[in-house]
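Novice: What would the 3D arrangement of this be:
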Amino acid sequence: QLRLVESGGGLVQPGGSLRLSCAASGLTLNYWAIGWFRQAPGKEREGVSCITFGGGSTNYRDSVKDRFTISRDIAKNTVYLQMNNLKPEDAATYYCAAKRFSTCSQADWPLFGAWGQGTQVTVSS
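Specialist: Below is the predicted model of the structure:
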């Protein structure tokens, strides 16, 4: 059974950092692209970042480029999102999702599934 579990959220001051983890079971990262998404209260869910099933390509929404880094540990079957220089507008519930043999084209992001339960990120002074 495919399952994704997010962790690592919390309260951080503007300019601070957090590292989110997405632990996968029931799938092998070599065959699945993993994406990070977020949803703030009253807003639609949006894609944040993605890493392809081969791990050779990543993609980011413009507002997080140069601040967020996605990576993965095949041995741990876990994908990470390192978030630096956090801003209040980054506050949201962050989710990871998967798509088999997918690219990380932003056109594919709405097709990701197998959502985790989310982890809350709060950015406030």
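Novice: Nearest residue to the middle of the chain?
Specialist: residue 36 (2.2 Å; CA atoms, centre = their mean).
Novice: What strands line up against the strand or helix carrying it, and which way round?
Specialist: Taking DSSP states H and E as the definition, residue 36 sits inside strand 32-39. Strand pairing for strand 32-39, using DSSP bridges, gives strand 46-51 (antiparallel), strand 92-100 (antiparallel).
Novice: how about those strands, which one is nearest residue 23?
Specialist: When the strands paired with strand 32-39 are compared by CB to CB, strand 92-100 sits nearest residue 23, at 9.0 Å. Every C-beta, even on glycine, is put in place using the N, C-alpha and C of the backbone.
Novice: now the end-to-end length of stretch 117-125.
Specialist: 26 Å (CA to CA, to the nearest Å).
Novice: Can you name the element that comes right after the helix or strand where residue 69 lies?
Specialist: Applying DSSP H and E as the criterion places residue 69 in strand 68-73. Using DSSP H and E, the helix or strand that follows strand 68-73 in sequence is strand 78-83.
Novice: just the angle between that next one and strand 46-51, please?
Specialist: 120 degrees (axes from the mean of the first three to the mean of the last three CA atoms, to 10 degrees).
Novice: which strands and helices sit next to strand 78-83?
Specialist: Identification of packing neighbours for strand 78-83 by 3 or more CB pairs under 8 Å, 6 or more residues apart in numbering; DSSP states H and E yields strand 18-25, strand 32-39, strand 46-51, strand 68-73.
Novice: The last one: partners in the sheet, and parallel or antiparallel?
Specialist: Spelled out, it's strand 68-73. Applying DSSP bridges, one finds strand 68-73 paired with strand 78-83 (antiparallel).
Novice: Give the buried residues for the strand it pairs with.
Specialist: Neighbour-count burial for strand 78-83 flags 78, 79, 80, 81, 83 (criterion: 16 or more other CB atoms under 10 Å).
Novice: any idea how far the second one is from residue 2?
Specialist: The one in question is residue 79. Distance, residue 79 to residue 2, using CB to CB, to the nearest Å: 14 Å.
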